[in-house]
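Student: turn this into a model:
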Amino acid sequence: LVRLEQIAPFAFDRIAKNAQKYPNAELIWAQQEPKNMGAYSYVLARIMTATRELNGNEKRPRYVGRPVSAAPATGMGKVHQMEYNNIMAGVYGVAGDGGFED
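Tutor: Have a look, this model is predicted:
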């Protein structure tokens with residue numbers, strides 16, 4: 001698990017270094033915000049560029065998070081907890097086991 005703390009300026013070298021250090025690891029971008037509100041659209045092309053240009057092996061991160069939404073949160077505690085559990089399952093579990101993915 002590698003956590004990206006800062007996205008601007010984007011750490012192309014650090015992303016490429018970690019992707020190269022763990023060549024068999026799956027790249028996953030996880031966020032609690034809906035897909036259209038978080039950083040996914042910003043980092044997607046940058047992660048792909050870092051792995052392609054610096055490592056010669058382009059990797060596209062799998063998205064795990066809430067689906068596209070007009071609201072930043074559901075407003076209902078039980079739904080929020082279910083979505084959170086699905087995100088954690090998508091990150092720590094097997095692909096397709098309940099996490100919201102694209």
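Student: now do the phi/psi pair for the most centrally placed residue in the chain.
Tutor: The residue lying closest to the centre of the chain (C-alpha atoms, centre = their mean) is Trp29, at 0.8 Å. Torsion angles at Trp29 (phi, psi; degrees, to the nearest 10) stand at phi -100, psi 120.
Student: ok, now which ones touch the closest residue to it other than its chain neighbours?
Tutor: Using C-beta to C-beta, 6 or more residues apart in numbering and skipping the chain neighbours, the partner closest in space to Trp29 is Pro61 (4.2 Å). For glycine as for every other residue, the C-beta is placed from the backbone atoms N, C-alpha and C. Contact analysis of Pro61 by C-beta atoms under 8 Å, 6 or more residues apart in numbering lists 27-29, 43-44, 47.
Student: in the chain, which ranges drop under the pLDDT threshold?
Tutor: 94-102 (pLDDT under 70).
Student: strands of that one, start to end?
Tutor: For the chain, the strands defined by DSSP state E cover 28-34, 62-66.
Student: tell me the bridge partners for Ile28.
Tutor: Judged by DSSP bridges, the bridge partners of Ile28 are Arg62.
Student: distance between the ends of stretch 2-12?
Tutor: Start to finish, the residues bounding stretch 2-12 are 14 Å apart (C-alpha to C-alpha, to the nearest Å).
Student: meant to ask about stretch 23-30
Tutor: For stretch 23-30, the first-to-last residue distance is 19 Å (C-alpha to C-alpha).
Student: quick one: contacts of that stretch?
Tutor: Under C-beta under 8 Å, 6+ apart, the answer for stretch 23-30 is 19, 39-40, 43-44, 47, 51, 57, 59-65, 87, 90-91, 95.
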